[in-house]
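*Asks:* coordinates for the following, if possible.
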Amino acid sequence: MFYHAVLMELKDADASFLARVREYEQRIRIELPYVRDYRFGPNVATRARQFSWAVLGAFSSPADHDRYQVSDVHQEMKAFMAPHIADLVVCDIDTAQEAPGHG
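*Replies:* Here you go, the predicted model:
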């Protein structure tokens, strides 16, 4: 399994902005059948340094993740969200390629 996580600090994220991002979330789940799961939501963690929002995606393989990255709907979502992102961190984990000493 391949997991993709984007933790974000958003600015100017009003109800209209959040509704549009949720539309993209739905479109990705509907239009990209190779995406196993895809979620956008608030980070509810209260420990350490938190980013307020997250996108979490699950894919069967790194190749499916690569297809998602270049898909039209993902590119549209990124372009729409970019002006509203103050900071972000990306984490990708490929469970088929665990590092030596892990797992």
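
*Asks:* in the host helix or strand of Lys78, which residues are buried?
*Replies:* Under the criterion DSSP states H and E, the helix or strand holding Lys78 is helix 72-81. The neighbour-count check on helix 72-81 (16 or more other Cβ atoms under 10 Å) flags Val73, His74, Met77, Met81 as buried. All C-beta atoms are positioned from the backbone trio N, CA, C, and that covers glycine.

*Asks:* now the first one. Nearest residue, chain neighbours left out?
*Replies:* Counting by Cβ to Cβ, 6 or more residues apart in numbering, Val73 lies nearest to Arg27, which is 5.0 Å off, once chain neighbours are set aside.

*Asks:* and that neighbour, how far is that from His74?
*Replies:* For Arg27, the distance to His74 (Cβ to Cβ, to the nearest Å) stands at 9 Å.

*Asks:* tell me the centre residue of the chain?
*Replies:* The geometric centre of the chain, computed from its C-alpha atoms, lies nearest to Val55 (Cα atoms, centre = their mean), at 2.9 Å.

*Asks:* for it, give me its contacts.
*Replies:* Val55 makes contact with His4, Ala5, Val6, Met8, Glu25, Tyr38, Arg39, Phe40, according to Cβ atoms under 8 Å, 6 or more residues apart in numbering.
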